[in-house]
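# after the sequence you'll find the predicted model.
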Amino acid sequence: MSANPVGALTLTNRSIEVSTAQPSATASHTFEFVLPSTTTLGSIVFLYCENSPLISESCSAPPGLDVLSASLSGQTGNTGFSVDGASSTANKLVITRTAAAGAIITSRYIFDSITNPSTAGSTEFVRITTYASTDGSGSFTDNGTVAFATVSPFSVGANVPPFLQICVAITVAPDCTTSSGDRINLGTLSKSQVKAGTSQFTVGTNSISGYTVFAQGTTMTSGNNAISALASPTPSFPGNNQFGINLRNNSIPNVGSDPFGAGSGTPTADYDTPNLYKYSSGDSVAQSTLPSDYNRMTVSYVVNVNSSQPPGVYASTFTYLATATF
């Protein structure tokens with residue numbers, strides 16, 4: 001053990017900042033302190049100990065600590081220093097400069113590429129001593145100690161489940177919280193007047209590839225009699241046999257609404273033009289290529305018949321199927 005030299009003063013406003021407290025991690029250690037005098041300053045020693053902060057005590061090196069690869073990446077206050085590799089050891093970091101009077105100002109030194117001690121939950125002490133010599137030899141001038149601790153890393157985990165939701169009804173809420181109705185009554189079909197109705201579906205997903213909605217079902221039939229489905233997007237012409245749908249706000253006839261909601265979903269090309277209608281079972285009618293918040297789509301159904309359409313009760317059943325890839 002050694003005693004403080006006569007006249008040695010204490011470094012004030014001392015601190016250490018460690019970029020990461022994870023054991024064995026490569027870290028930056030930043031020291032800050034104020035010299036108490038203008039005594040000649042040629043070197044500073046940073047001695048890492050695991051057993052005691054006292055300068056008078058022997059020093060036990062923290063297991064796993066290595067400062068030999070440290071670089072001095074920043075310095076303010078008393079400057080002009082560089083790392084003295086020849087005088088440094090695994091737990092002692094020495095910086096040197098041409099000896100000159102010290103200044104009573106805040107000095108800051110940033111060291112990169114230090115390997116932290118390997119023991120989790122340990123407290124380490126760094127004894128800081130200043131010297132008139134340029135290699136940390138001889139009696140120290142001033143001193144002080146700082147401390148830091150290593151801690152085991154912890155992780156925070158959570159699971160986001162895959163999500164795909166579609167709700168279908170005559171009317172549905174924009175977020176699928178409510179829905180009502182499962183039947184559209186178009187009334188009496190006539191060669192002189194188009195008949196139209198609507199249903200809705202709301203769909204959303206967190207799939208990175210989005211979703212696709214398919215429409216399945218036959219055109220309107222009565223026994224063996226059928227109303228021809230439109231094979232390509234076509235205007236409504238009363239007096240012609242026509243059955244078709246789209247997912248837009250139309251004026252001929254006045255039916256439907258445009259998609260609603262904050263999602264990225266849109267009707268597919270064949271069902272995305274106002275006043276043009278089509279239907280083919282199995283067609284995709286809406287899609288998003290990205291994760292999508294809810295969109296509510298309104299499906300417009302348009303029916304026309306000619307004068308020779310056989311009498312009967314015509315009906316069709318539709319199913320809307322949403323798919324996504326997770």
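Here it is on my side, so go on.
# tell me the domain ranges of the chain?
Domain assignment for the chain, taken from automatic domain parsing, gives 9-149, 164-323.
# now those in TSV, with mean neighbour count and mean pLDDT?
The way it works is simple: take the backbone N, C-alpha and C, and place the C-beta from them, glycine included. Converted to TSV, those look like this (neighbours: other Cβ atoms under 10 Å; pLDDT from 0 to 100):
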stretch	mean neighbour count	mean pLDDT
domain 9-149	17	96
domain 164-323	17	98
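# as CSV, those domains with distance to G157 would be great.
Compiled in CSV, the domains of the chain are given as follows (distance: least, Cβ to Cβ, whole Å):
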stretch, distance to G157
domain 9-149, 18
domain 164-323, 18
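# nearest residue to T317 other than its sequence neighbours?
Once flanking residues are discounted, T317 sits nearest to G217: 5.4 Å by Cβ to Cβ, 6 or more residues apart in numbering.
# who wins for proximity to S155 among the domains of the chain?
When the domains of the chain are compared by Cβ to Cβ, domain 9-149 sits nearest S155, at 11.9 Å.
# picking that back up, closest one to A158 among the domains of the chain?
domain 164-323 (13.7 Å).
# the closest one: end-to-end distance?
One end of domain 164-323 to the other measures 8 Å (Cα to Cα, to the nearest Å).
# can you check stretch 234-252 too?
Stretch 234-252 has an end-to-end distance of 11 Å (Cα to Cα).
# ok, stretch 91-107 next?
Stretch 91-107 has its terminal residues 21 Å apart, counting by Cα to Cα.
# just the strands in the stretch 101-250 of the chain please.
106-115, 123-131, 142-149, 164-169, 171-172, 179-180, 195-205, 211-216, 221-222, 225-226, 242-246, 250-251 (DSSP state E, counting those that start in this stretch).
# other residues contacting the helix or strand that comes right after the last one?
For strand 250-251, the following helix or strand on the C-terminal side (DSSP states H and E) is strand 254-255. Strand 254-255 is touched from outside by 196-198, 300, 302, with contacts defined as Cβ atoms under 8 Å, 6 or more residues apart in numbering.
# same list, the strands of the stretch 101-250 of the chain, but as a markdown table with distance to G64 please.
Output for the strands of the stretch 101-250 of the chain, formatted as a markdown table (distance: least, Cβ to Cβ, whole Å):
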| stretch | distance to G64 |
| --- | --- |
| strand 106-115 | 7 |
| strand 123-131 | 11 |
| strand 142-149 | 14 |
| strand 164-169 | 49 |
| strand 171-172 | 62 |
| strand 179-180 | 62 |
| strand 195-205 | 48 |
| strand 211-216 | 51 |
| strand 221-222 | 80 |
| strand 225-226 | 81 |
| strand 242-246 | 69 |
| strand 250-251 | 73 |
